[in-house]
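> Sequence and computational prediction follow.
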Amino acid sequence: MTIAQLAHIADPMLTPRLVVKVGSALLVGADGAPRRAWLTALVGELAAARARGQQVIVVSSGAIALGARRLGLAKGGRGSLADAQAAAAVGQITLAGLWADLFASHGVTAAQVLLTLDDLEDRRRWLNVTATLGTLLACGAVPVINENDTVATEEIRFGDNDRLAARVGQAAEAHAVLLLSDIDGLYDRDPRDPDAKRIPVVRRVTPDIRAMATGGSSSGLGSGGMTSKLQAAEIAGLAGMALAIIDGRPDQPLAQALADARGTLFLARPHKSARKAWLGGRMRMRGFLHVDAGAAMALGQGASLLAAGVLQVEGQFVRGDAVAVVGPAGEVLARGLSEYDAAECMALAGRNSRDHADILGYAPRSAMIHRDQLVLV
């Protein structure tokens, strides 16, 4: 059985482990104060989900907005990286306390987990996150996760909690990700257009689907728009998870959206191994290997990437780094772990395997990227 409709997300048989992302625009009011009544109702819904047999992970925005109010910072604390980091340091205490108090009223323990991009891009740290989340859930706690904005710099930031939620879902081996937003799904054009139509189900994020994405949150508090949600859907789909966008603004948003089937559901793709799911969801590539049409076709048939099909090498990377494979039309075809460093790839690009030993001066490896270390996207 698979998640084929929005209501399946509330079914503990189909979705035993669920990630719920809450955006800043929902959690924090225009005055910078938490919307406690709304949050109380949402926690009641999450507690009910646990009672019916679902394990729940929360990815919560709001620390920067809450801290900015306390510190009196302009632009919601997003005027500069330093402002955001300072606001997060103050707001994270308030945010964690909110979740802890509200879950405690239902007899549930909340656990705070702060992550940076590197925590989920580095394989060893990824496995540590996976183990920690698994233990917390096994103990009956609800992990409440946010990006560690206090220490994250621009180079190591997710930048939005939509993609963070998808990556957390991968690490936790969740079955679905639910994004609570200030819009009720993906529309075929700007939703302010009276002729705009909501797309109820998306089987795969294609260029046509990406073209439907519009600008950011209307509130000005959040950092993610529809583009980040589509990127999250791609990450989730590669990991075998469904992802849904629903309108989080009403009281008890889960019950209302699921009862009315109002939202957009992105279906999961065939499940990959845990390692390939991690690789497919990586957001930061160290380099790019541009390939010809023949190599692109071979990759689609499950082959490794051979040097003969590589036209151009970009970036500085070493063996074992993640690189993207780019097709003739400039599209990213796959991601994988390079068997060579960048200089070696440049020397081997376009050359037949029989020449590799002479070029390198040592016995070559079988491929630039072995198929076991490569995932199609």
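Now that the structure is in, tell me what you want to look at.
> for the nearest residue to Ile199 once chain neighbours are set aside, what are its contacts?
Once flanking residues are discounted, Ile199 sits nearest to Leu186: 4.8 Å by C-beta to C-beta, 6 or more residues apart in numbering. Using the backbone N, CA and C atoms, a C-beta is placed for each residue, glycine as well. Shown in contact with Leu186 (C-beta atoms under 8 Å, 6 or more residues apart in numbering): Arg198, Ile199, Val202, Ile209, Met212, Ala213, Met226, Lys229, Leu230, Ile245, Thr264.
> so the third one bridges to which residues?
Here Val202 sits in beta bridges with Phe266, as judged by DSSP bridges.
> Which helix or strand contains Ala87?
Taking DSSP states H and E as the definition, one finds Ala87 inside helix 81-104.
> who's in contact with that helix?
When contacts are defined by C-beta under 8 Å, 6+ apart, helix 81-104 is touched by residues 27, 34, 36, 39-40, 43, 46-47, 58, 60, 62-68, 70-71, 73-75, 77-78, 109-110, 112, 114, 142, 144, 146, 148-154.
> What subset of those is buried?
27, 34, 39, 43, 46-47, 58, 60, 62-68, 73, 77-78, 110, 112, 114, 142, 144, 146, 148-150, 152 (16 or more other C-beta atoms under 10 Å).
> Could you tell me which of those belong to strands?
Judged by DSSP state E, the subset of the buried ones among the contacts of helix 81-104 located in strands is Val58, Ser60, Ala110, Gln112, Leu114, Val142, Val144, Asn146.
> Can you tell me how far the closest residue to Leu311 other than its chain neighbours is from Gly315?
Excluding the flanking residues, the one nearest Leu311 by C-beta to C-beta, 6+ apart is His290, at 4.8 Å. Remark: distance between His290 and Gly315 (C-beta to C-beta, to the nearest Å) = 11 Å.
> which SS class is Ile359?
Classification of Ile359 using DSSP: H, G, I helix; E, B strand; the rest coil returns helix.
> Count the residues that sit near the nearest residue to Ala65 once chain neighbours are set aside.
Distance criterion C-beta to C-beta, 6+ apart; nearest residue to Ala65, sequence neighbours excluded, is Val28 at 4.2 Å. Counted with other C-beta atoms under 10 Å, residues neighbouring Val28 total 27.
> Surely Val28 touches Pro34?
Yes: using C-beta atoms under 8 Å, Val28 is in contact with Pro34, at 6.0 Å.
> Now the common contact residues for these two.
With C-beta under 8 Å, 6+ apart, Val28 and Pro34 have common neighbours Gly62, Leu66.
> Please list the outside residues in contact with stretch 161-170.
19, 21, 23, 57, 59-61, 115, 120, 129, 133, 145-147, 158, 174, 176-177, 179, 223-224, 228-229, 231-233, 235-236, 239, 241, 243, 277-278, 281, 283.
> Among those residues, which lie within helices?
Leu120, Val129, Leu133, Ser228, Lys229, Gln231, Ala232, Ala233, Ile235, Ala236, Ala277, Trp278 (DSSP state H).
> Distance check, the last one against Leu133.
Distance, Trp278 to Leu133, using C-beta to C-beta: 14 Å.
> Low-confidence stretches in this structure?
1, 152-159, 214-224, 271-275, 280, 282-283 (pLDDT under 70).
> Apart from its chain neighbours, what residue comes closest to the residue most central in space within it?
The centroid of the chain falls nearest to Arg163 when counting by C-alpha atoms, centre = their mean (2.5 Å). Leaving out its chain neighbours, the residue that sits closest to Arg163 by C-beta to C-beta, 6+ apart is Ala232, at 4.9 Å.
> Domain map for this protein?
Using automatic domain parsing, the domain parsing of the chain gives 6-278, 285-376.
> most tightly surrounded among those?
Mean neighbour count (mean count of other C-beta atoms under 10 Å) peaks for domain 6-278 among the domains of the chain, with a mean of 19.
> What is whichever helix or strand Leu254 is part of packed up against?
Assessed by DSSP H and E, Leu254 sits inside helix 253-260. When contacts are defined as 3 or more C-beta pairs under 8 Å, 6 or more residues apart in numbering; DSSP states H and E, helix 253-260 sits against helix 36-51, strand 242-247.
> which residues does Ile245 bridge with?
On the basis of DSSP bridges, Ile245 is bridged to Leu179, Thr264.
> how far away is it from Arg189?
Counting by C-beta to C-beta, the gap from Ile245 to Arg189 is 16 Å.
> just Ala51 next, same as before
Remark: distance between Ala51 and Arg189 (C-beta to C-beta) = 40 Å.
> swap in Pro270?
Applying C-beta to C-beta to Pro270 and Arg189 gives a distance of 31 Å.
> Fine, thanks again, bye for now.
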